[in-house]
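Q: fold the following, please.
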Amino acid sequence: MKIGSLMKSLAICRFLTLHMARTILWCLVMMGIWSWCEQKPLITPLIILLVLWLIREGPSIIQCDRMNATQRDYYGVIDPQARLGHQYVRTTSKLYTKYWAAAEFLNRRKRILIDSSYVMMIKAKEKDYALLARKYGKPLLNIPTDEIRLFFFPVLDGSAEKADEHWWCLCMDMVKKQFWMIDSLYSDPYEHHSELVTKLVKAVDVLLQVKDPRWELGSLEKGPRNRMDMVKQTNTFSCGVLMLGCIKHCARISFDTSYPMVCLL
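A: This next block holds a predicted model:
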């Protein structure tokens, strides 16, 4: 038997074993909960709601550094009428930086995808940018500045209540000291996102100073700002998938090459 076939068979056996173990554990937990509910009937409705919520989320499909994406998170990728969720992008940022980018750019300048919670906290009017830098910028802070080429800041704008959520991304090119915008909806993204971009640029400035105290604050505010030429979405929900595909395209190829839909995979 070839080594590749053997490794594949072992991987399948490991997956089936883990899946069976989780199923048995789930059944034991449910049996225990049911037995406990019989003794405390007033708690039963709350337990039922909790179980329904867990079923709705589905099992955890992938985990990385205490971050996980559930079955429901993956529906945002494969469902043609679903929008990519915040948790999926957070998990992607971990996988991208720790595995894909680390292998793809071995012995080259690094490309880093920052946790999307970083910008969400800025949107929530968190003004302690140094604190945010230390909490969400760890993948960037641990790498020497001269070893970094690009870092990406995915942004989920709008709100679920208003049904106007939209994914876009701001990227910093550390070599050319300029910004790039990835947005599949607007032709003038800097103007449309001007308020948040202003806050984000200031936060990135602080992030770089936390990384290197010699960094001069305010040096990014007047830097060049460019827009990525990419395929435009034709609906209200494909922005997240297009954004992640374009991030990978730009990291691997360049911002100077247009991003067509065929590069998505």
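
Q: isn't residue 93 right up against residue 111?
A: No - counting by C-beta atoms under 8 Å, residue 93 sits too far from residue 111 to count as a contact (11.6 Å). Backbone N, C-alpha and C define where each C-beta goes, glycine included.

Q: neighbour-wise, which of those two wins?
A: residue 93 (26 against 23; other C-beta atoms under 10 Å).

Q: the more buried one and residue 140: what is the separation?
A: Using C-beta to C-beta, to the nearest Å, residue 93 is found at 11 Å from residue 140.

Q: so what sits against both of the two?
A: residue 114 (C-beta atoms under 8 Å, 6 or more residues apart in numbering).

Q: pick out the residue closest to the middle of this protein.
A: When C-alpha atoms, centre = their mean is applied to the chain, the residue found nearest the centroid is residue 89 (2.5 Å).

Q: quick one: contacts for that residue?
A: Residue 89 makes contacts with 116, 154, 156, 167, 240, 244, as judged by C-beta under 8 Å, 6+ apart.

Q: identify the farthest-apart pair in these.
A: For these, the farthest-apart pair by C-beta to C-beta is 156 and 244; their separation is 12.2 Å.

Q: what sits against the nearest residue to residue 110 once chain neighbours are set aside?
A: Leaving out its chain neighbours, the residue that sits closest to residue 110 by C-beta to C-beta, 6 or more residues apart in numbering is residue 148, at 5.1 Å. By C-beta under 8 Å, 6+ apart, the residues touching residue 148 are 109-110, 112, 140, 174.

Q: please report how far residue 148 lies from residue 173.
A: Going from residue 148 to residue 173 by C-beta to C-beta gives 10 Å.
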